[in-house]
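Novice: this one's sequence-less:
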Ligand SMILES: NC(=O)C1=CN([C@@H]2O[C@H](COP(=O)(O)OP(=O)(O)OC[C@H]3O[C@@H](n4cnc5c(N)ncnc54)[C@H](OP(=O)(O)O)[C@@H]3O)[C@@H](O)[C@H]2O)C=CC1
Ligand SMILES: CC(=O)N[C@@H](CCC(=O)OP(=O)(O)O)C(=O)O
């Protein structure tokens, strides 16, 4: 199958190249950028003598004629416009941005600060939380890949939310992300002197991933109410950890909760549930498509602590995007994604 990548010179685009280069079915047909036509190695010297294709202009008509599937690894605002240009054409679209995730246009505008895509495009976009929306993903032509934080948070919350064993009110999600989550555009907060040896909270109660998390929780549990979601920048390159606090409705032991998670994710190769007493760290998933989850019930408070970790560029972006593209095409979901994490 021929695939195209738009936004190739970014971190998400670069990660797509790393995965697709070794994919057994998908073949990179073309890579696209707003820059002048140049070999990708000008931007990514690490690809020298491995993959040296030249960047092409972003021409949706031509891309749709030539390729079977296109990944949009472009910023919010740009992705939505591109998705509309591909709409109705004979090509599958997988968008890594937030532009197609929020079904309510007003809600999107409130959090993303610009207009949403048109209603048709929005209505046809399938939310690609791979482990939880499989039936819709396999029939999707337009796929909206989840955000990095929502992936970690929702994979952590799914089993207890669906089982109805937690109070729908008062969920607290504490997120920490490595710097590559912010993309490669230079900014003051991600500059070395600001970020190194530092730990900073940002977008307090204003993060654009809040409506995405709440939208999915509401589908799982109609009684669910707004969550508290905090995001922190930590001085590592890759990785997200969410530490989630929920109140249990009834008495459950850690071992019972671990069993619930292990059963839920039994047939989902990219979610690894740790046994009682073990908790994941971000290094243990780095460079891979895994989401690792650790659990503990505090019997004193009746609260469950859920710890989930992902690599933001893999399960949080390009990895899950390829997993979804595999599902959309009836290919083994692990195809091209069989990476052992880079450790240490
Ligand atoms: N980084 C992460 O961990 C995650 C990112 N995402 C989302 O994935 C998308 C890509 O993120 P990321 O790779 O980090 O971002 P980067 O900023 O690293 O890269 C974005 C790329 O988009 C391209 N671009 C910018 N404007 C246009 C345009 N008008 N038309 C076409 N291409 C354009 C740029 O390439 P060029 O200048 O060559 O045109 C740039 O390299 C974003 O929507 C982001 O929110 C989602 C989950 C996690
Ligand atoms: C560390 C860092 O800055 N991370 C970014 C993640 C942005 C992102 O991936 O945005 P979408 O998922 O909405 O496309 C942030 O918190 O805004």
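Specialist: Yep, it's here. Keep in mind that this is a model prediction, so the values were computed, not measured. Ligands and ions are numbered 1, 2, ... in the order given.

Novice: for residue 70, what are phi and psi?
Specialist: phi -130, psi 130 (degrees, to the nearest 10).

Novice: now it: how far from residue 59?
Specialist: Between residue 70 and residue 59 the computed distance is 11 Å (CB to CB, to the nearest Å). All C-beta spots, glycine's among them, are computed from the backbone N, C-alpha and C.

Novice: and the two? Which one has more around it.
Specialist: residue 70 (26 against 13; other CB atoms under 10 Å).

Novice: list the residues that contact the more buried one.
Specialist: Neighbour list for residue 70: 3, 4, 5, 6, 63, 64, 86, 91, 92, 93, 94 [criterion: CB atoms under 8 Å, 6 or more residues apart in numbering].

Novice: the fourth one and residue 67 touch, don't they?
Specialist: Going back to what we said before, that points to residue 6. No - under the criterion of CB atoms under 8 Å, residue 6 makes no contact with residue 67, lying 10.4 Å away.

Novice: let me see the mean pLDDT of stretch 107-119.
Specialist: Stretch 107-119 shows a mean pLDDT of 97.

Novice: check which residues of that stretch are buried.
Specialist: Burial within stretch 107-119, assessed by neighbour count using 16 or more other CB atoms under 10 Å, is assigned to 107, 108, 112, 116, 117.

Novice: switch those residues over to a markdown table; also include distance to ligand 2 and secondary structure.
Specialist: Shown next, in a markdown table, are the buried residues of stretch 107-119 (distance: CB to the nearest ligand atom, whole Å; DSSP: H, G, I helix; E, B strand; the rest coil):
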| residue | distance to ligand 2 | secondary structure |
| --- | --- | --- |
| 107 | 13 | helix |
| 108 | 11 | helix |
| 112 | 8 | helix |
| 116 | 13 | coil |
| 117 | 14 | coil |
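
Novice: and of those, the nearest to residue 45?
Specialist: residue 112 (33.6 Å; CB to CB).

Novice: list the contacts for that closest one?
Specialist: Contacts of residue 112 by CB under 8 Å, 6+ apart are 76, 77, 98, 99, 102, 208.

Novice: count of residues packed around the last one?
Specialist: Residue neighbour count, defined by other CB under 10 Å, stands at 20 for residue 208.

Novice: and the helices in the stretch 1-150 of the chain, which stretches?
Specialist: 11-20, 40-43, 60-66, 78-86, 105-112, 119-124, 134-137, 148-163 (DSSP state H, counting those that start in this stretch).

Novice: quick one, which of those helices is packed in tightest?
Specialist: helix 148-163 (a mean of 25; mean count of other CB atoms under 10 Å).

Novice: what residues sit buried inside the helix or strand just after that one?
Specialist: Next helix or strand after helix 148-163 toward the C-terminus (DSSP states H and E): strand 172-177. In terms of neighbour count (16+ other CB under 10 Å), strand 172-177 has its buried residues at 173, 174, 175, 176, 177.

Novice: got the domain ranges for this protein?
Specialist: Under the assignment automatic domain parsing, the domains of the chain span 2-124, 149-312.

Novice: between residue 6 and residue 67, point out the one with more neighbours.
Specialist: More neighbours surround residue 6 than the other of residue 6 and residue 67, with 27 against 21 (other CB under 10 Å).

Novice: excluding chain neighbours, what is closest to that one?
Specialist: Of all residues not flanking residue 6 in the chain, residue 32 sits nearest, at 4.4 Å (CB to CB, 6 or more residues apart in numbering).

Novice: any idea how far the one you found is from ligand 2?
Specialist: For residue 32, the distance to ligand 2 equals 18 Å [CB to the nearest ligand atom, to the nearest Å].

Novice: verify the stated contact: that residue with residue 63.
Specialist: Yes - counting by CB under 8 Å, residue 32 does reach residue 63; the two are 7.1 Å apart.

Novice: need the residues touching each of these two.
Specialist: 4, 6.

Novice: which stretches of the chain form strands?
Specialist: 2-6, 27-32, 55-56, 69-72, 92-95, 126-127, 142-144, 172-177, 200-202, 228-233, 240-247, 271-273, 291-298, 303-310 (DSSP state E).

Novice: would CSV of those strands with mean pLDDT be doable?
Specialist: Putting these into CSV (pLDDT from 0 to 100) gives the following:
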stretch, mean pLDDT
strand 2-6, 98
strand 27-32, 98
strand 55-56, 98
strand 69-72, 98
strand 92-95, 98
strand 126-127, 98
strand 142-144, 98
strand 172-177, 98
strand 200-202, 97
strand 228-233, 98
strand 240-247, 99
strand 271-273, 98
strand 291-298, 99
strand 303-310, 99
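
Novice: between the ones you listed, which gets nearest to ligand 1?
Specialist: Evaluated over those, closeness to ligand 1 peaks at strand 2-6, with 5.6 Å, by CB to the nearest ligand atom.

Novice: relative to the closest one, what are the paired strands and their orientations?
Specialist: For strand 2-6, the paired strands and their directions (DSSP bridges) read strand 27-32 (parallel), strand 69-72 (parallel).

Novice: wait, does the first one contact ligand 1?
Specialist: No - residues of strand 27-32 are not located near ligand 1 by CB under 6 Å from any ligand atom, the shortest gap being 6.9 Å.
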